[in-house]
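Enquirer: Build me a model from this:
(chains A and B)
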Amino acid sequence: GENVEQHPSTLSVQEGDSAVIKCTYSDSASNYFPWYKQELGKRPQLIIDIRSNVGEKKDQRIAVTLNKTAKHFSLHITETQPEDSAVYFCAADNNAGNMLTFGGGTRLMVKP
Amino acid sequence: NAGVTQTPKFQVLKTGQSMTLQCAQDMNHEYMSWYRQDPGMGLRLIHYSVGAGITDQGEVPNGYNVSRSTTEDFPLRLLSAAPSQTSVYFCASSYTTGLEETQYFGPGTRLLVL
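Expert: Numbering: from 1, shown residues only, chains lettered A, B, ... in the order given. As a prediction, this is how the structure comes out:
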């Protein structure tokens, strides 16, 4: 089945700096790659996603890039703010498109 | 709309006890799923359903049963609780049977098995 690796497990940045989180996946048939943000004690919430026919997608300060050949995708957050502090999870679907496999998560800390 | 709701919020069980975690959604979503989240780890899929009457196993199904008698409800049953099942359980739903849609998560159920 699908295996998703996520790095780093923790990331500390100064407010205003950029943050990059990287994920690799194993199943070349995966087509959908969402990113979720989970604040402490809360439920995960989708922040951005990308499909395999697109190389990059942006939404204000957040962008995701996908390299299907290398089987990796990344989350980029620019001009980080303290409210960006949370755990971020990447995920990839399986070849049937009915299951998501999640990475282990990255705890992002933005220092004011 | 209430979205995805889960009950109870917290539960303490003794080893060997059984219980049902409730999940309901009022968005007429076809796809529903159950995940568990262990400390410092990502979410792992337990079971999922692509519509009423249809369920299938995820990554970690052992020790859990599900049923989907209605579109709205997707209960998760622990047959004989074990300490290894101590976790936070999230139910999620999305509009279509495919996954290229936003997954809406419930607030979670914290389960402690002694």
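
Enquirer: Please make it C-alpha for all contacts and neighbour counts, starting now.
Expert: OK.

Enquirer: close to chain A, is the helix or strand hosting B:I46?
Expert: Assessed by DSSP states H and E, B:I46 sits inside strand B:43-51. Yes. Contact of strand B:43-51 with chain A (C-alpha under 8 Å from any C-alpha of the partner chain) involves B:L43, B:R44, B:L45.

Enquirer: Show me which of the residues you listed is closest to chain A.
Expert: Set against chain A, the nearest of those by C-alpha to the nearest C-alpha is B:L43 (5.9 Å).

Enquirer: circling back to that earlier point, output the contacting helices and strands for the helix or strand just after the strand holding B:I46.
Expert: Moving toward the C-terminus from strand B:43-51, the next helix or strand (DSSP H and E) is strand B:54-57. Counting contacts by 3 or more C-alpha pairs under 8 Å, 6 or more residues apart in numbering or on different chains; DSSP states H and E, strand B:54-57 is packed against strand B:43-51.

Enquirer: Okay, now the sheet partners of the helix or strand of chain B with the lowest mean pLDDT, with direction.
Expert: The weakest-scoring helix or strand in chain B, judged by mean pLDDT, DSSP states H and E, is strand B:104-105 (a mean of 91). Strand B:104-105 pairs in its sheet with strand B:87-94 (antiparallel), by DSSP bridges.

Enquirer: Dump the C-alpha coordinates for the partner strand into PDB.
Expert: Coordinates of the C-alpha atoms in strand B:87-94 are reproduced here as PDB (Å, rounded to 0.1, in the frame of the first residue of the first chain):
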ATOM      1  CA  SER B  87      -6.100   7.100  21.000                       C
ATOM      2  CA  VAL B  88      -8.100  10.000  19.600                       C
ATOM      3  CA  TYR B  89     -10.600   8.900  17.000                       C
ATOM      4  CA  PHE B  90     -11.800  11.100  14.200                       C
ATOM      5  CA  CYS B  91     -14.700  10.600  11.900                       C
ATOM      6  CA  ALA B  92     -14.600  12.400   8.500                       C
ATOM      7  CA  SER B  93     -16.900  12.800   5.500                       C
ATOM      8  CA  SER B  94     -16.800  14.100   2.000                       C
END
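
Enquirer: Next, the angle from it to strand B:43-51.
Expert: 40 degrees (axes from the mean of the first three to the mean of the last three C-alpha atoms, to 10 degrees).
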